[in-house]
Structure formats: structure tokens, C-alpha cells
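1. model the structure of this input:
(one chain, ligands or ions: 2)
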Amino acid sequence: MPCMLVDPSQKYKPYTPLHLQSRQWPSKRSTVPPIWLSTDLRDGNQALANPMTIEQKTTFFQLLVQCGYKEIEVAYPAASDTDFNFVRGLIEKKQVPDDVWIQVLTPAREDLITRTIDSVAGTRQAIIHMYNATSPLFRGVVFKNSKEETIQLAVEHTKLVRRLTEECTEKHGTVFRYEYSPETFSQTEPEFSVEICDAVKAAWGKAGTDTLNKIIFNLPATVEIAPPNHFADLVEYFHTHISEREKILISLHPHNDRGTGIAAAELGILAGADRVEGCLFGNGERTGNVDLVNLALNYYTQGIHPNVDFDDIQRIIDIVTQCNDLPVHPRHPYAGELVFTAFSGSHQDAIKKGFEDQEKRHALARSRGDGEIWEMPYLPIDPADLGQTYEAVIRVNSQSGKGGIAYLVKQYLQLDLPRKMQIVFYKVVQAVADREAREMTVDDITTAFCEAYHFGGSKYEGRLALRSFKITSVPNPDGADEVRNVRQFDGTILVDGVLRVIRGDGNGPISALLHALLTHLDVDLALREYTVHPINTEADQQNSRAASFIELVPANDRKSTRSWWGAGVDRDVAASGLRAVLSAVNSYIEDRPLPELKLSVGFNALSGQSDVASVILNSLGLELPRRLQATFFEVVQRAAASSGGEIAQDALSVLFKETYGYGLPPAQLSLKSFELDRVERGIHLSGEFVLGGKVETVKGVGNGPLSALLACLHQLVEGALVIREYSEHAIGEGTEVSAATYVELVYGVTENERERKTSGWGVVSDTDITASGLHAVVSAVSRVGVVWKAEA
Ligand SMILES: CC(=O)SCCNC(=O)CCNC(=O)[C@H](O)C(C)(C)COP(=O)(O)OP(=O)(O)OC[C@H]1O[C@@H](n2cnc3c(N)ncnc32)[C@H](O)[C@@H]1OP(=O)(O)O
Ligand SMILES: CC(C)C(=O)C(=O)O
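-> Residues are numbered from 1 along each chain as shown. Ligands and ions are numbered 1, 2, ... in the order given. Predicted coordinates:
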């Protein structure tokens, strides 16, 4: 059986509109906040299944004071000992700040008025609030009173309030103000509301024009029975018809039966009200009292400070809910846990764009000394103003789009993804969201990003990872201008856990790396899009880094619909681009096998040199400089030719050691010990050299240790020794670290009147970097065929 009536007019009467002549409120604006009264501890409390304990009421009272409420209805003291004792406790424990007025409610009954006034005796200042219902239904059904009897009830008891408060002032010094509520105002004939309030004012007899002497007429929408415009009409009627308006504060007390309590209050204020009574988050009878937080923040978002603070709204929610045991709805205006959250794609996209635009707008405004105006799609207030973070602003589920996901990547990884990459990554997240059928947390999204793009450290490294690299600029072989110089990439990358030395040329670092990947790993990709942005520049110049994003396509199909994106971050811009390339290449290669090292004679010289260098790197930890790679490669080729065209990896490191005496006992000449001293002309070196088993002490001066050593050596050899190339790098980590040094020596000597020039390498590693360099030079001397002075 259906419950709802086919014709509800048979059961429900519509409200009676008020034909207000030339109403003013529709075209007014509210530019100052009203006086606030919190009735949480009275109207809010009386609506709870379990009214608050004294302890809870005290906590709540302190919170209201902290928020800045200056008028607080603390109880219906005649209702219970708890309420009475709570009021006494506040007073006796001096918990009421001097600038706060406590208010207490009483019906128009002598015994209850007496007890109510007794409850506040001795406090510095209090508002006595008396009410009686005035509408026809209450007059007829509840009180069975005529209009005159209703007025008489109010008038007589107002006189009683006056007498008792005056006695109390005399006895205890308490200052009183008086508030009268024609309860059920919203259902009372407007003329009768005015008539009874005029009579109450006359009975009170001492309303004045100073704010503190004004009588407060509180107009409740005890039950909200009509749209808010009707309520505004009733208020404007009262405002324009009550006598001595200047001696009156019009207060509103909206309830929310139709869900328009906020609107009723706002329109009522336009219609002439000065004050609003309500509760935090709208607690109160039935659907609640008007929500003071909502109302105040509506002012705030108009640029008007409401004179109350909700700096840490979560703390306020926590205290309120602990006290009244009522949850705040997740969609509650300003306060719900979801109100600053967008799940849907188009909202997220707009918010992301809004933040980006606002950042620029605010920077410009700051530079001009202008205000930083908040203008944000879908967010009428800055969550930060309420102590909320932006963390929850964007949350991702199956309704979300690329914009929201990109926002989170930007927030949490500081990466501003290019639009096309956003679309690609969106599909990655969507796939996870669909698979898991749940909301994606920030952690899910950042992890998905790190996994997809092998981003964020060794945990997410792909099959290829950059270890070290050098970019050198060499003149263009065509002899073109400097700008068009060729860039050479020499680097070490980890390939499936094995170090590989790779090298390539291009017109920039990225194309040089792509060339190296083609040469060594058969990866034939070209660059289609490349963007880079700084990270952290403003906040922390020291730690600023570059983020690069790269799209690669098959080299032979630049318009390909298939492409691979990569991201890389590094302090060095070039390195960030190179990391991004490897990130994209990792996606491209997936599980496919990669070419192995080629150690057979006749193979491509470029990859051959690097492959040989890779073996030396993996076996001995030495990163050979490019010229040494070339020299040693020739040695390897000769050795391989004489052993059937191939050379084993083990044999290769033995060959290297033998060729350069690396790690072997010194040959002809060695440096047994040395001392370095700073002298006026530079560095003085005194060395004990062992030459052909004989120890000789030789001294030399140079502008550094190496030139001082050469000065010593020139005392032992005929001709001249010149260092052509010198490089070094660390081997190992932490306390195990040592230095590897590579020195290429050129030796020139005149023999039989003809000049002979030879060159040779010395390679040494030592825990002392200076010793490593000196020993490398001495080692090289043994490989350039010097003529010893003794021999000459
Ligand atoms: C719209 C509002 O929120 S108004 C505030 C409502 N809040 C509360 O009622 C909470 C506190 N109330 C109470 O604890 C109790 O109702 C008390 C202590 C005030 C009175 O309790 P009781 O004496 O048992 O009376 P009861 O609760 O039945 O109240 C109804 C009586 O008060 C009368 N009454 C109701 N409102 C008023 C009023 N504003 N002025 C005078 N009399 C009133 C009723 O006509 C009825 O009288 P009757 O017994 O002669 O028929
Ligand atoms: C006592 C009055 C103001 C009241 O609480 C109401 O009408 O809701």
C-alpha cells in the first residue's frame, strides 16, 4: 500500500503568504556579520537523546569561548539539577570571561523564572531569555489561551523577570539584559507578533538605545513551515512595524525543517535582523537549529570576517562530536570530510588548472603588492584557512580523469607531467582502479607511477639504469660552427645487473645516448617530445633539480601511434633527460633479450671498444677513458687474432693487467716512497725511486705533485716526458673506496739526431689519491721505452 497521498492538499495546508508592500530585503546585501548567540548548550543539548554531562558542557563552553562567541545560551536551568549546577559551576569557578554574556532560558512560569534567575545570581552579566508560544495552534491547543491571555502571560512574567533581576542586581551586582521570544513566530499572525512584543517591551519598561540596554526580540522559526522568502517577509514586517525599533535587537532563531535554515537566516538578516541564534554544525531539535559554522563561513567567503574563528575546524568537529555524540555528515558544508574532495574527472581537471593558474596569479599579485584573491573552480573556500590540508582535495576512483591523477603526481612527486603523458599514465591508473575496484590512494598512484616509469630510486629500477656518464663536445667533422658541435656520450649503464660501457654521438646528450643504445643494445628509438621543468627552485635553491619527460617512438616511424614515455629527475638537467630516456627505453624493451657483449675480432670498432671496456669495468672496476679504450682495443684485437679470433672475458682482464702492469709488481722503475712539501715555488717532491733494483733519492719542484714528479724523472731520463691525459675516478664505496688513475705519457727523445716520440699508459689504483696519480705516472714511464741517463 502506498503511503503517500495522491492529493496531499487534503491533508496539508499551504502557508499563508504575506502581502508585504514594497518589501526591501530582496535587493539588500549583508556587509557586516550579525551578533552571534550559540545555543548549543540549551537548544542543542535539549535535542540530544543523552543530554551532555557537566564535563561535556564545560568542554563545549570553553570551545565556544575559544571560537570567539560572546553570547552563549548555557542552559535551561530549571530543567534539571545538571543544568542548574552547570550554570552555577561556570560562575563559581569563574569560567566565564568578562566579555562573554551567558544566557539562560525560562518559560513564562513563576517557579521556573525564579530558579532560572537564581542560577545566574552573582555572575557579572547575564541575559534572561523568556518565551511563550504565540501561534494560533499553540494558543488554542497547548495553552487554551486567547490572544489577550497570551499577551498577559508574557507581560506578567516579563514584569516578574524585571523585579527578580533587579533584586538580584541589588543583591549580587549581576547586570542583566532581557530577551523575549514569541515562540512559534513563523506560524504566528505578523500583527500579533508585533502586538505581543510591543506589550512585552512596555512591561520591561527600560529598553534603551545603547546596545546593552536594548531589548532582544528573538523571532524563532520554531518550525520552518514556509520558504525562506516568507520568513524574510515576516521579519521585515516585524522590523518595520514594531515601535521604538531603535531600542530593539531583532534576533533570529531558525530551525531547519525544510532544509532552508541557512537561507532563512540570511534572508532574515537582509530583512532587518541584527542577531542570530544557532548551533555549531546545526545540532538542535528535529532537523536542527541553523548551523552557525556554515552561516559564519558564508560571510567569510564573501570577504567578510564573521568575528568567530574556525582556524582548526577538525579540532572543533572532534570536540563537538565528543560532546554531543553526533557525527558531522561527510557532505556537511565546510566541515564534512568530503567537502574539499573531488573524485570526478572534470572537477579534478578544473581544480588542477585552477591551482596552476592561481599560483601564477598570486605570484603576480605579490610582486605588485596586491591581495592574493582565491578563485578556484569548485572550491569556494581555501581549505588551508580552516586548518585543512590539500591532501584530500583530489581523490581518485573510477570516476576520475587524467587531471586529478596528474595533480596528485605533482603534489606528491613534484612532477608536472606533460599532457600526453598524463593521458598515458591515466590509463595505467585506470587499469589498477578497475582491477582493484576501489578508491586509489595517493600511495597507490605514486607507486604505480614509480613502477611504470622506473622512477624513484633503486627499488623501482628497470633493466637499464644510468650509473655514470660524460658528455663531451667535439668539433663537427664538417667544420661547421661551434653550436653544431657533436656531443659524445660516454657512459656506464647497468644492463640486467651487469655494467656496460656504452658510447654514442649525437647533436645533443639525448640523441648521443639514443645512438649509444642503438649501437650497443639494438634499441632503435627516436625522440618525439621532450619537456623539462625545475623542481624546488623557489623553496630551496640548493636542492633544485630538473624533471625531464621524454616520449620515444620507433626511429623509422616518427608518426607512430605507439610511443613510450619516461621520466627522470636529477640535479643536472642533462642527466635528468638521460634518465628519462632510459625510463622510456625500459618500457619499450619489456622482457625482450638484449644483445650480449661481443668479444670477437672484426666486430664493429665502436661497440667492440666499449664491450671490452665493459668487461674491464665488471672485472676490475676500472672505467677506462675513451682513448685508453681505443688503445687497449688494438691490443685485444692483436691478441685475439693470434688466438683464433675470439677472446674470453677472463683472458681479457689478464691481458689488461699484463699490458699495463695493473696490480702487478713494478717493472723497471718504481716509486718506493715520497714526501711532498709546499715551498715558495710550488710543491717539492723527494722520492725514493727503485731503478733496476737500485734505490735512488731524487728531488724535484713543480707547481703540483705531478709536475714535481716529472722534474724528478727528468733527472733520471734523457728527453722529455709530457702528460697528455690524466683522469681518475673512485672505486668502491665508503671506507673501501680507493682512487683509480689513468695517465697517458708522451715521451720524446733525440736518438741518432732523430727525434723519437712514444706514448704509453699507466693505470694504478690506491687508497691515497695523490699516490695513485704519482704511481700511475711512474708506471707509464716503464711503457714508453725511455732512455735512462745512466745508459746514455
Ligand atoms: C521551542 C523550544 O525549544 S522551547 C524550550 C523547550 N525546552 C524544554 O522543554 C526543555 C526543558 N523542559 C523541562 O525540563 C520541562 O518541560 C520543565 C521543567 C520546563 C517543565 O516541566 P513540567 O512542569 O513537567 O511541564 P511540561 O514539561 O509538561 O510542560 C508543559 C507545561 O508547561 C506549559 N508551558 C509550555 N511552555 C510554556 C511557556 N513558554 N511558558 C509557560 N508555560 C509553558 C504548558 O502549557 C504545560 O502546562 P500544563 O502542565 O499546565 O498543561
Ligand atoms: C525558545 C525558542 C526560542 C526556541 O527554542 C524555538 O522556538 O525553537
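
2. without its sequence neighbours, what residue ends up closest to the residue in the stretch 401-550 of the chain positioned nearest to ligand 2?
-> Here the stretch 401-550 of the chain gets closest to ligand 2 at one residue, Glu439, 40.7 Å apart by CB to the nearest ligand atom. For glycine as for every other residue, the C-beta is placed from the backbone atoms N, C-alpha and C. The shortest distance from Glu439 to any non-neighbouring residue, by CB to CB, 6 or more residues apart in numbering, is to Asn397 (4.5 Å).

3. now the residue of the stretch 401-550 of the chain closest to ligand 2: how far from Val553?
-> 34 Å (CB to CB, to the nearest Å).

4. more neighbours: which of these two?
-> More neighbours surround Val553 than the other of Glu439 and Val553, with 20 against 14 (other CB atoms under 10 Å).

5. the helix or strand hosting the more buried one pairs with which strands?
-> In the assignment (DSSP states H and E), Val553 maps to strand 545-554. Using DSSP bridges, the strands paired with strand 545-554 are strand 525-535 (antiparallel), strand 564-570 (antiparallel).

6. list just the one of those that sits closest to ligand 1.
-> Of all these, strand 525-535 comes closest under CB to the nearest ligand atom, at 58.4 Å.

7. quick check: Glu551 touching Ala526?
-> No. Assessed by CB atoms under 8 Å, Glu551 is found out of contact with Ala526, at 9.9 Å.

8. who has more neighbours out of the two?
-> Using other CB under 10 Å as the criterion, Glu551 and Ala526 rank with Glu551 on top: 21 against 16.

9. can you name the residues bridging to the more buried one?
-> For Glu551, the beta-bridge partners are Glu529, Trp565 (DSSP bridges).

10. ok, it - contacts?
-> Shown in contact with Glu551 (CB atoms under 8 Å, 6 or more residues apart in numbering): Lys420, Met421, Leu527, Arg528, Glu529, Tyr530, Ser563, Trp564, Trp565, Ala584.

11. what about it, distance to Ala465?
-> 20 Å.

12. Glu183 too?
-> For Glu183, the distance to Ala465 - CB to CB - is 77 Å.

13. show me what the lowest-mean-pLDDT helix or strand in the chain is packed against.
-> Within the chain, no helix or strand scores below helix 605-620, which has a mean of 85 by mean pLDDT, DSSP states H and E. Secondary-structure packing of helix 605-620 (3 or more CB pairs under 8 Å, 6 or more residues apart in numbering; DSSP states H and E): strand 498-506, helix 509-521, helix 626-641, helix 649-660.

14. can you tell me which of the ones you listed is nearest to Val290?
-> helix 509-521 (62.7 Å; CB to CB).

15. list the contacts of the closest one.
-> With CB under 8 Å, 6+ apart, helix 509-521 has contacts from 464, 469, 471, 487-489, 491, 495, 500, 502-506, 523-527, 530, 550, 552, 555, 574, 577-578, 581-582, 585, 589, 594-595, 604, 606-607, 610-611.

16. one more time with 6 Å
-> 471, 487, 489, 502-506, 523-524, 527, 574, 577-578, 581, 594, 606-607 (CB atoms under 6 Å, 6 or more residues apart in numbering).

17. show me what counts as buried in the lengthiest helix in the chain.
-> Assignment by DSSP state H gives helix 147-172 as the longest helix of the chain. Using 16 or more other CB atoms under 10 Å as the test for burial, helix 147-172 gives 150-155, 157-158, 160-162, 164-165, 168.

18. ok so, going back, correct me, but the residue of the stretch 401-550 of the chain closest to ligand 2 touches Ser398?
-> No. Using CB atoms under 6 Å, Glu439 is not in contact with Ser398; the gap is 8.9 Å.

19. for the closest residue in space to Phe656 that isn't next to it in sequence, give me its contacts.
-> Excluding the flanking residues, the one nearest Phe656 by CB to CB, 6+ apart is Ile616, at 5.5 Å. Each residue near Ile616 by CB under 6 Å, 6+ apart is listed here: Leu622, Leu624, Phe656.

20. tell me the residues on the stretch 251-400 of the chain that lie near ligand 1, please.
-> Glu285 (CB under 6 Å from any ligand atom).

21. do the same with the stretch 101-250 of the chain
-> Pro107, Ala108, Arg109, Leu112, Tyr131, Asn132, Val142, Phe143, Glu183, Thr222.

22. next, format these as TSV and append secondary structure, pLDDT and neighbour count.
-> Listed next are those as TSV, based on DSSP: H, G, I helix; E, B strand; the rest coil; pLDDT from 0 to 100; neighbours: other CB atoms under 10 Å:
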residue	secondary structure	pLDDT	neighbour count
Pro107	strand	98	18
Ala108	coil	98	23
Arg109	coil	98	16
Leu112	helix	98	18
Tyr131	strand	98	21
Asn132	strand	98	24
Val142	helix	96	13
Phe143	coil	96	15
Glu183	strand	98	23
Thr222	coil	98	24
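
23. nearest to Tyr726 among those?
-> Closest to Tyr726, out of all of those and judged by CB to CB, is Thr222, at 93.8 Å.

24. list the contacts for Ile127?
-> Applying CB under 6 Å, 6+ apart, the residues near Ile127 are Trp101, Gln103, Arg177, Glu179.

25. can you verify my assumption that the last one contacts Asn218?
-> Yes. Here Glu179 reaches Asn218: they are 5.5 Å apart, a contact under CB under 6 Å.

26. show me what from this structure comes close to ligand 2.
-> So the chain meets ligand 2 at Asp43, Leu105, Tyr131, Ser181, Glu183, Asn218, Pro220, Thr222, His253, His255 (CB under 6 Å from any ligand atom).

27. nearest residue to the fifth one in space, please, no chain neighbours.
-> Spatially, and ignoring its direct neighbours in sequence, Glu183 is nearest to Ala133 (4.1 Å; CB to CB, 6+ apart).

28. number of nearby residues for that neighbour?
-> Ala133, neighbours per other CB under 10 Å, totals 24.

29. out of the contacts of Ile616, give me the one that has the most neighbours.
-> Leu624 (28 neighbours).

30. three-state assignment of that one?
-> coil (DSSP: H, G, I helix; E, B strand; the rest coil).

31. surely it meets Val612?
-> No. Using CB under 6 Å as the test, Leu624 is too far from Val612 to be in contact (8.5 Å).

32. where does the stretch 601-750 of the chain dip in pLDDT?
-> Residues of the stretch 601-750 of the chain meeting the criterion pLDDT under 70: 601-607.

33. how many neighbours does the closest residue to Gln46 other than its chain neighbours have?
-> Nearest residue to Gln46, sequence neighbours excluded (CB to CB, 6+ apart): Tyr76, at 6.4 Å. Applying other CB under 10 Å, we find 23 residues neighbouring Tyr76.

34. contacting residues for Tyr76?
-> Counted by CB under 6 Å, 6+ apart, Tyr76 has contacts Arg42, Asp83, Leu105.

35. show only the entries of the residues you listed found in helices.
-> Asp83.

36. of all the contacts of Tyr76, which comes closest to Arg331?
-> When the contacts of Tyr76 are compared against Arg331 (criterion: CB to CB), the nearest one is Arg42, at 27.1 Å.

37. nothing else from me, thank you.
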